[in-house]
Structure formats: C-alpha cells, structure tokens
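Undergrad: model this:
(one chain, ligands or ions: 2)
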Amino acid sequence: MGALYSVAEIRQAEQAAAAQLPPGALMQRAGQAAARIALDLLGGAPARPVLVLAGPGNNGGDAFEVAANLAQAGVDVAIVHIACEGEPSAETAHALGRARASTATFADSIPDDGQWSLIVDGLFGIGLARPLEGAARAMVEAVNAVDCTVLALDVPSGLDADSGAVLGPDGVAVIATHTVTFIGDKPGLHTYAGRDYAGEVMVARLGIDEAMMPGASIHLNEPPMFELAFVPRLHASHKGSFGDVAVVGGAHGMAGAPILAARAALFSGAGRVYVASVDHGPAYDNVQPELMFRDAATHNFAGSTVVAGPGMGDSATAIRILAKLLDGESPLVLDADAINLVAASPDLQSRLSARHAPSILTPHPLEAARLLGVTAGVVQGDRLEAAREIAARFDAFVVLKGSGTVIAMPDGEAAINPTGNPGLASAGTGDVLAGLCGSLLAQGWPARDAALAAVWMHGQAADRLVAQGVGPIGLTAGELPAAIRTVLNRMVAQRPKRGGQPQS
Ligand SMILES: NC(=O)C1=CN([C@@H]2O[C@H](COP(=O)(O)OP(=O)(O)OC[C@H]3O[C@@H](n4cnc5c(N)ncnc54)[C@H](O)[C@@H]3O)[C@@H](O)[C@H]2O)[C@@H](O)CC1
Ligand SMILES: [K+]
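TA: Ligands and ions are numbered 1, 2, ... in the order given. The predicted model follows:
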C-alpha cells in the first residue's frame, strides 16, 4: 500500500542500502530512472533543448546523472549549476565528471530567451535546510515563469518533503508538472502546497527492497486501506438495519448546513436521518422529504449516531446540547461550530477526552488551530503533526481538511488523501463530509474505516463531477451526495472477495 516516508526514514533506508552497494550506485540508479521518465515525457526527439538545473548537493548529483544519460540518448542538454561552497560528495563529483564528459553544455545562468522542451529540477531535494534566496530563488522564479513541462527530482526545490510547506514566510518553490521521487514516496508531495507543486508523482525505488524500508506509519489513503468495510446488503434487510443519524445544528440563518449533512447521510445509505435544530428549524425539506425534523433540545438521541456542528452556532442551548451529547454513548462526528465550542471550553474538552464511544472530528485548519491554541499557519506548517496531536489529545479520529486531507487515528496511524479538487473549496462541502462520516458510523463501520472511506469517497465524487464538466468552478455541495452514492455503490460492487460477512 502507498507508504509515505519521512525524510529521516528515507535517510535511514538510503544508508542501509548504500552500505551494501558500490559507491554512487544509488545516484546512478536515480539518474537512470529519472532520465527514462524524461525521455517518456519528451516522447521522441525534442525540437528544443532540455534545461537541467543542478544544485550544490546530491540532488544536483542526480541532475548530472540525468543530464549525462539524456545527452547519451542524443538529447540536446543545457546545464545550469549552483556549485557548493565546500567539496561535493564523491558521488556528486563523479556525476559532474560524467556530465562534463558528455555533449551537455554548461551555462552560468538560465538564458533569458531560452526555450525548452523540458526542465529538470535538481536544485534541492531532501537536504533543503532553509528558504531559497539569491541565485537559487531567481532560478526557481524563472522556471515558474516558463510554460513548460517540469520534472522535479525527488522533491520540487523549495518544498519541504515532510510537511508539504514551501519553506519561508515569503518562500518560493519549483512548480513541477511531474516529480520522480526516490527510494519511497513522501508525505509533503501530497498535502498542503505539495499537490500543487509536485504535479504527478512517480516513485523510483532504486532497487531498494521493501524489506529494507522502515515500517511506515503514514500511508496514502487509497481503497486497499478501507475497502473491506464495504459490504453488500442482504435482501432480508430493512431500514432499521442501517442505523439512525441525527444531525444537530441549524441555528437561525444556518438551516441549510445540517440539511446538506443529512442529505449526505441519506444518499450514503443511513436507515433513518433526522435533522435536530438548535433553533426552531424548518418542518421538512421539500427536496428531500425523507428527512425528519426534530427539536434538538427535546429529541432522544439514544441509538443514533450524531453529527453535531453544521450551522450549530454558539448559543447557550447549543453548548448545553453539545455537553449532553459528549456525555452520551452515541458515536459522534464533531464538525464546524461544535469544534469551535469544544475549543473554547475546557469543560467540553474534558468531556470529549473522557468519551468511550468513538468520536470523529473534522476540523479545517483554523478550527484545528483553535483546538490546539495555535495559529492556522502553525497547523498548515505541519498538518500531519497537528492532526496527530489533536487525535492523541482527545483520543479521537481526526480529519484535518484541506488539499491533501490528513486523517489521524488515536493510535498514531495517519493517512493523506489523494482524491478531491479545488471544487471542494466551497460552502457546505464540509457539512456533506461530516454527514457521510456519520452515515458510515451509523451503518456499523469502525471509526477508522469510516473516516478514511468518507474522505476518499467525498474527494472521488468531486473528481467524477469535474470529469463530467461539473466544476471545479461552481461545483456546489448539494451536488455531492448523489455523486457519493454512485461512488459508494461502485465500491461495494468492486469490493474484493476476501472473506467478511454481508451486513444484516
Ligand atoms: N545520498 C544518497 O545515497 C542518495 C541521494 N539522492 C539525492 O540526494 C538528495 C539529498 O542530497 P543532499 O543531502 O546533498 O541534499 P540536497 O541536494 O537536497 O541539498 C543539500 C545542499 O544544499 C544546501 N542547501 C540546503 N538548503 C539550501 C538553500 N535554501 N539555499 C542554498 N543551499 C541550500 C546544503 O547546504 C547542501 O549543500 C536527495 O533528495 C536525492 O535527490 C539520490 O541520489 C539517491 C541516493
Ligand atoms: K529537486
């Protein structure tokens, strides 16, 4: 499964492998793998030269190997090299020698009028230690100004491979169309700025056996992580077989948010779905008359899975209801205002930590920041760490939303979601996600699988809609539930037959 490795883990694997190989072998393999990909991207004899940018460290060494291999394949290659202040590593010096001995030409800077068929970014990889400045920054800005295919070696230069943050308050990084990453995939290529900067990610393992890799605690959130939880339905089932969901929210002026969550629960198969309003809410939904409307102050939540937060507001009634729900035994999804109320109240926080039934929290970065008492910038600077910290602190399953949503479990396991698109950056999509999480919980799914599958399906549904021309611009949250239903039924139909019982 798509394991993601920290820089420290990659270094560990690299050292273990290098000890058993001739000097420079890994760099040569990296250069060969990347050159093969470059040739594929060029798709035949290119009309224009390839520009290879080589930095001062071993990422630059990889770049020299790529340049030498491309030159050997008959490609016209120009190299711009930022030399290191001290001595390069032996393997980088050797790679530089190979590039010098090839037909590749060296230039001091990127020519202003240069036109390229491909740019290879070998400036900085996992050794990036500070924000880019001076010549390196100027080079990155020049690359980003050109409309051209860009292949990043290992990591787009300027991007932190662990966090997906561009280093520096006003930092720059190479915006690549493709990234070939070495030895193992890295979390920073898939979350925060990573998805925009890395483009399509390919992994070149450099012949390092899976067995030599450290056990990963972070994975890409892909169907093998959760697909066994999709079970076909028995003919002999009834609506009581698929659980009750109650969505609590809908303060004055925000009646739509719980309805979106409730529709998502309905379309993803929950048996009975209630909207419990903290204010005097609507009596029915004329688009979805299957939904039942109740007063949250008097509704009996026993036996339901509760999704609390969408449009819940911060009234005394909302706080009182939330305290009661936290003390209860219902599986709970906390979103939006419910998270803000918890963040503002040490009392609600201790009730949350003390729960026995599962809790899933679905904060966006600012809500996560409030929970942790930090800024949204700090959360975004290390999304994995923030999600894990919330999960540990509240013994809860955490879905930290944003590009490359992070899902963190109370036991330290974490995943980064690869589906979804900017169409989801619109009002109400979070309500839909919360309703979907609640629906899967109500149908008996373990919280871990519910969180992983809900996030994946939510993104996948948005991707399907965009493929049909519905968005990303103008995609509305209300369009998601029906698309989620299609994704869910396909997942059930395609579920691998590996044991497990149909749900009764
Ligand atoms: N060591 C190995 O066995 C292998 C290394 N590989 C490559 O080597 C890379 C790691 O090499 P390094 O550890 O040398 O690291 P990098 O090549 O990523 O960069 C480190 C160098 O850049 C300098 N530096 C860091 N940040 C800077 C900044 N903002 N401005 C200016 N200079 C800066 C450092 O002082 C150092 O000289 C990997 O990303 C990968 O591409 C691959 O060849 C696979 C095998
Ligand atoms: K790079």
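Undergrad: The most centrally placed residue in the chain and residue 292, how far apart?
TA: Nearest residue to the geometric centre of the chain (C-alpha atoms, centre = their mean): residue 404, 1.9 Å. Here the criterion is C-beta to C-beta, to the nearest Å. By it, residue 404 lies 36 Å from residue 292. (C-beta placed from N, C-alpha, C; glycine too.)
Undergrad: And for residue 228?
TA: Residue 228 is 32 Å from residue 292, by C-beta to C-beta.
Undergrad: same thing with residue 324?
TA: According to C-beta to C-beta, residue 324 and residue 292 sit 20 Å apart.
Undergrad: quick one: which of the two has more around it?
TA: The neighbour count for residue 324 versus residue 292, taken as other C-beta atoms under 10 Å, is higher for residue 292 (16 against 13).
Undergrad: And the pLDDT for that one?
TA: Looking at residue 292, its pLDDT is 97.
Undergrad: Surely it touches residue 276?
TA: No - contact between residue 292 and residue 276 fails when scored by C-beta atoms under 8 Å: they sit 9.4 Å apart.
Undergrad: can you pull out the strands in the stretch 1-150 of the chain?
TA: 3-4, 50-54, 77-81, 105-107, 118-122, 150-153 (DSSP state E, counting those that start in this stretch).
Undergrad: repeat for the stretch 201-350 of the chain
TA: With DSSP E, counting those that start in this stretch as the criterion, the stretch 201-350 of the chain has strands spanning 218-220, 244-249, 272-277, 292-295, 304-308, 332-335.
Undergrad: Which among those strands is found nearest to residue 170?
TA: Comparison of the strands of the stretch 201-350 of the chain against residue 170 by C-beta to C-beta identifies strand 218-220 as nearest, at 28.6 Å.
Undergrad: Could you tell me how many residues sit around the closest residue to residue 347 other than its chain neighbours?
TA: The shortest distance from residue 347 to any non-neighbouring residue, by C-beta to C-beta, 6 or more residues apart in numbering, is to residue 323 (7.3 Å). Number of residues near residue 323 (other C-beta under 10 Å) recorded here: 15.
Undergrad: Verify the stated contact: residue 323 with residue 352.
TA: No - between residue 323 and residue 352 there is no contact under C-beta under 8 Å: 10.0 Å.
Undergrad: returning to that earlier point: and the residue nearest to the centre of the chain, what does it touch?
TA: Residues in contact with residue 404 (C-beta atoms under 8 Å, 6 or more residues apart in numbering) are 164, 190-192, 194-195, 383, 416-418.
Undergrad: Next, count neighbours for residue 421.
TA: For residue 421, the count of nearby residues is 17 (other C-beta under 10 Å).
Undergrad: Hmm, it is touching residue 461, no?
TA: No - using C-beta under 8 Å, residue 421 is not in contact with residue 461, being 10.6 Å away.
Undergrad: Can you give me the pLDDT of residue 47?
TA: 89.
Undergrad: Could you tell me how far it is located from ligand 1?
TA: Plainly put, residue 47 is 29 Å away from ligand 1 if you go by C-beta to the nearest ligand atom, to the nearest Å.
Undergrad: is the residue of the stretch 1-150 of the chain found nearest ligand 2 in a bridge, and if so with what?
TA: Residue of the stretch 1-150 of the chain nearest ligand 2, by C-beta to the ion: residue 121 (4.6 Å). Going by DSSP bridges, residue 121 is paired in beta bridges with residue 53, residue 152.
Undergrad: shouldn't it be in contact with residue 143?
TA: Yes - taking contacts as C-beta under 8 Å, residue 121 lies within contact range of residue 143: 6.7 Å.
Undergrad: neighbour count winner among the two?
TA: Under the criterion of other C-beta under 10 Å, the comparison of residue 121 against residue 143 puts residue 121 first, with 31 against 25.
Undergrad: Tell me which residues touch residue 18, please.
TA: By C-beta under 8 Å, 6+ apart, the residues touching residue 18 are 25-26.
Undergrad: just the helices in the stretch 251-400 of the chain please.
TA: 256-267, 316-327, 336-343, 346-353, 365-372, 376-381, 383-394 (DSSP state H, counting those that start in this stretch).
Undergrad: and the strands of the stretch 1-150 of the chain as JSON lines, adding mean pLDDT and distance to residue 221?
TA: Listed next are the strands of the stretch 1-150 of the chain as JSON lines, based on pLDDT from 0 to 100; distance: least, C-beta to C-beta, whole Å:
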{"stretch": "strand 3-4", "mean pLDDT": "97", "distance to residue 221": "10"}
{"stretch": "strand 50-54", "mean pLDDT": "98", "distance to residue 221": "33"}
{"stretch": "strand 77-81", "mean pLDDT": "98", "distance to residue 221": "38"}
{"stretch": "strand 105-107", "mean pLDDT": "97", "distance to residue 221": "43"}
{"stretch": "strand 118-122", "mean pLDDT": "98", "distance to residue 221": "27"}
{"stretch": "strand 150-153", "mean pLDDT": "98", "distance to residue 221": "23"}
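Undergrad: Would you format those as CSV with distance to residue 68 included?
TA: Output for these, formatted as CSV (distance: least, C-beta to C-beta, whole Å):
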stretch, distance to residue 68
strand 3-4, 30
strand 50-54, 10
strand 77-81, 8
strand 105-107, 12
strand 118-122, 12
strand 150-153, 14
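Undergrad: Nearest approach to ligand 1 belongs to which of the ones you listed?
TA: strand 150-153 (5.4 Å; C-beta to the nearest ligand atom).
Undergrad: just to revisit the earlier point, and the residue nearest to residue 347, how far from ligand 2?
TA: Going from residue 323 to ligand 2 by C-beta to the ion, to the nearest Å gives 51 Å.
Undergrad: So that residue versus residue 348, what's the distance?
TA: Distance, residue 323 to residue 348, using C-beta to C-beta: 6 Å.
Undergrad: Repeat that for residue 103.
TA: Look at residue 103 and residue 348: by C-beta to C-beta, they are 68 Å apart.
Undergrad: With residue 321 instead?
TA: 11 Å.
Undergrad: mind checking the SS state of residue 180?
TA: Three-state call for residue 180 (DSSP: H, G, I helix; E, B strand; the rest coil): strand.
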